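Chemist: Sequence and computational prediction follow.
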Amino acid sequence: MNAGWYLLSALAAEWNGRLAGSTIVDLHSAARDELTVLLDNGREVDGIRISVRPGDRYVLRQADATRPRRNVTTLLGSARSRVVRGVTVAERDRLVDFGLDDGSVLRIVLFGPRANVVHGRDPAGVIASFRENVAVPGTPMPSPLPAPDPVTPADVRARWPGESMDLARAVARTWPLFDSLMAAEVVARAGLRVHDACLVETHDFERLARAAASVRADALAPRPVLWRNGRQPVALALVPSSSPPAPDAQRFDTVDEAVRVFVRATLAERAFRAEAEPLVRLLASVVERNRTRGERMREELAAASRADRWERFGHLLSAAALPETPGRDSVTLPDLFESGAPVEVPLDPARTPLDNARRYYERARNVRRARETASDRLERAADAERTAGRLLRELEVVRDREGLKDFRARHAGDLARFAFERPADAAPLPFRRFDLGRGYEVWVGRNARENDTLTFTHARKHDWWLHARGVPGSHVVLRVPRRERPPAAVLETAASIAARFSKASGSGLVPVIVVERRYVRKPRGAEPGAVVVEREEVLIVPPHAGAEP
């Protein structure tokens, strides 16, 4: 994040006057891969905060720093009580040294797989290490390896990559100490007429060398600028930019202040995005899911009912004198309700004609029930789509964690209504869990034995039990916060999840048994997962498309 050599050199130069003569009073870690060194100069305490997290490395100073009261670990005790003599950066390498009064150094390594903070002496070796898995006492101290820094056109030509690539990338390869903004500025100041590294000719290397010298001089006398896109930090630059990477510029008098603002703003933005993006995805999925549901229900309401046709098939099969053996794909029968013309009735070959008749009757009943409630379900889907869309538009203008906190508080009820995501603490239980908010939670078995355990061990008598009717599927339990019937919307959501985890998950609508757990029992000697249900109700619901945890 701010581990470039020129930036570290500027920080060390600014810190020397402030930190020299300070005593190290504490070294502690309050977060993984992050170390804070407290330095007391007799007037105030500065904190040097160091992160060696992969992809997130930085060092910054915090004024008036203190040690947190809880959840901290004391480290590198051998450096405690030592006095800082000065702060230096290795020649052309990203090693930051805090020289101490006993001749030892506190060395910060902000690059590579062995990024670390160590206390030790050259050449005696490491005394103590922040990351014990990287360096242990007695091992050699990390030593500098100066990076190439070509000056003459011949030096530039010797290091210039021969393959085809973008010019800025080629500059970064040639001058490894230049960050991406500095490399882009070299290209801009060189004013080359080619756009590919392999097309650069001999006379172009002199222009590149002059441009690099100009950028190097500016970096050694930095004028820090934090480039932002609105509130969002984009980049911290030490040199003037011919092509700004963002529209808004915030200028600073010191690199120390610029680094502090940049790192804090970047970390705050990341934390905000980590909280906001799951909400954005959730609300967008609710909008899309309910839009699809609405379209399906409108089609269902607009289409002629299939119930009459299926009921007629059931009547014809019941009235026909057919052998009660399975194996037929269809049968042709005279239509007793029309002119007697023959009609072909499709059959499930695994069922007998009478079982097929019962199946047609049940399908007719289910369709009629679904049509009876379709208007109500359509309105609920439309309301959910409108509400989630409104929240999504409002969330798009929230820019920080305080705004996000206020958004969550104002819309807690709606967010709980839409919160189908699996909670982070679900791992210890042997089955899937879905938090529906307001104290309601859905638990789903993964196999027959888990189904038994869920239903007869974990479920309470006043919880609600759900299962797709007439097809294999998971046992589903709706855990309730109080002994009363859950709201209709909560029951329908739980039923949709039960439909999703059944063999009928590919159907548009699925009948789901809904009953209090106390009315579910296991017959003696029954196979795992087999139950008997009394006082069942049936809800006709679509499978919940977002139910995968």
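Modeler: Yes, it's here.

Chemist: distance of His467 from Val514?
Modeler: Going from His467 to Val514 by C-beta to C-beta, to the nearest Å gives 9 Å. Any C-beta I mention is one placed from the backbone N, CA and C, and that applies to glycine too.

Chemist: Look at the two and report which has more neighbours.
Modeler: Neighbours per residue (other C-beta atoms under 10 Å) separate His467 from Val514, with His467 holding more: 28 against 23.

Chemist: is it true that that one touches Ala494?
Modeler: No. Applying C-beta atoms under 8 Å as the test, His467 and Ala494 come out as separate, 11.0 Å apart.

Chemist: quick one: low-confidence ranges for this protein?
Modeler: 133-135, 300, 302-305, 370, 372-373, 419-429, 545-549 (pLDDT under 70).

Chemist: okay, stretch 90-108 in CSV with CA atoms only?
Modeler: Extracted in CSV, the C-alpha atoms of stretch 90-108 (Å, rounded to 0.1, in the frame of the first residue of the first chain):
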residue,chain,number,x,y,z
ALA,A,90,18.7,0.8,3.0
GLU,A,91,20.3,2.0,-0.2
ARG,A,92,17.9,1.2,-3.0
ASP,A,93,16.1,-1.5,-1.0
ARG,A,94,12.9,-1.4,1.1
LEU,A,95,14.5,-2.2,4.5
VAL,A,96,13.6,0.4,7.2
ASP,A,97,15.9,0.5,10.2
PHE,A,98,15.3,2.0,13.6
GLY,A,99,18.9,2.2,15.0
LEU,A,100,19.0,1.7,18.7
ASP,A,101,21.3,2.9,21.4
ASP,A,102,22.9,-0.5,22.1
GLY,A,103,24.0,-1.0,18.4
SER,A,104,21.0,-3.2,17.5
VAL,A,105,18.3,-2.3,15.0
LEU,A,106,14.6,-2.8,14.7
ARG,A,107,14.4,-3.7,11.0
ILE,A,108,11.2,-3.6,9.0
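
Chemist: What are the buried residues along that stretch?
Modeler: Buried residues in stretch 90-108, counted by 16 or more other C-beta atoms under 10 Å: 90, 93-100, 104-108.

Chemist: Dump the residues you listed to TSV, plus distance to Pro481 and secondary structure.
Modeler: Shown next, in TSV, are these (distance: C-beta to C-beta, whole Å; DSSP: H, G, I helix; E, B strand; the rest coil):
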residue	distance to Pro481	secondary structure
Ala90	61	coil
Asp93	60	coil
Arg94	55	coil
Leu95	57	strand
Val96	54	strand
Asp97	58	strand
Phe98	55	strand
Gly99	61	strand
Leu100	59	strand
Ser104	59	coil
Val105	59	strand
Leu106	53	strand
Arg107	55	strand
Ile108	51	strand
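
Chemist: how many neighbours does Ala307 have?
Modeler: Ala307 has 19 neighbours, counted by other C-beta under 10 Å.

Chemist: same deal with Pro472?
Modeler: A count of nearby residues for Pro472, using other C-beta under 10 Å, gives 11.

Chemist: Look up how far Val471 lies from the closest residue to it other than its chain neighbours.
Modeler: Ranked by C-beta to C-beta, 6 or more residues apart in numbering and with sequence neighbours excluded, the top spatial neighbour of Pro472 is Lys503, at 4.9 Å. Per C-beta to C-beta, Lys503 is found 4 Å from Val471.

Chemist: Over to Leu181?
Modeler: 61 Å.

Chemist: With neighbour numbers in mind, choose between these two.
Modeler: Neighbours per residue (other C-beta under 10 Å) separate Leu181 from Val471, with Leu181 holding more: 23 against 14.

Chemist: What lies in contact with the helix or strand hosting the more buried one?
Modeler: Assigned by DSSP states H and E, Leu181 belongs to helix 180-190. With contact meaning C-beta atoms under 8 Å, 6 or more residues apart in numbering, helix 180-190 is reached by 6, 167-169, 171-172, 175, 178, 204, 207-208, 210-212, 214-215, 219, 235, 237-243, 245.

Chemist: Val331: how many residues sit nearby?
Modeler: So Val331, with other C-beta under 10 Å, has 17 neighbours.

Chemist: That one contacts Pro353, correct?
Modeler: Yes. Counting by C-beta under 8 Å, Val331 sits close enough to Pro353 to count as a contact (7.0 Å).

Chemist: shared neighbours of the two, anything?
Modeler: What both Val331 and Pro353 touch, as defined by C-beta under 8 Å, 6+ apart, is the set Leu317, Ala320, Leu322, Leu347.

Chemist: and Ser51, what are its bridge partners?
Modeler: Beta bridges link Ser51 to Glu34, Tyr58, judged by DSSP bridges.

Chemist: dump the residue contacts of it.
Modeler: Neighbouring residues of Ser51 by C-beta under 8 Å, 6+ apart: Met1, Asp33, Glu34, Arg57, Tyr58, Val59.

Chemist: ok, of the residues you listed, which one's closest to Ala147?
Modeler: Ala147 has its nearest neighbour among the contacts of Ser51 in Arg57, at 16.6 Å by C-beta to C-beta.

Chemist: Can you tell me how far the closest one is from Thr387?
Modeler: From Arg57 to Thr387 the distance is 43 Å (C-beta to C-beta).

Chemist: what's the answer for Asp166, then?
Modeler: Distance from Asp166 to Thr387, by C-beta to C-beta: 47 Å.

Chemist: So these two - more neighbours on which side?
Modeler: Thr387 (18 against 14).

Chemist: Run through the residues that contact the more buried one.
Modeler: By C-beta under 8 Å, 6+ apart, the contact list for Thr387 reads Asp414.

Chemist: wait, is it part of a helix?
Modeler: Yes. Assessed with DSSP: H, G, I helix; E, B strand; the rest coil, Thr387 lies in a helix.

Chemist: can I assume Thr36 sits in a strand?
Modeler: Yes. The assignment for Thr36 is a strand, going by three-state DSSP.

Chemist: Now for it, how many residues are close by?
Modeler: For Thr36, using other C-beta under 10 Å, the count is 22.
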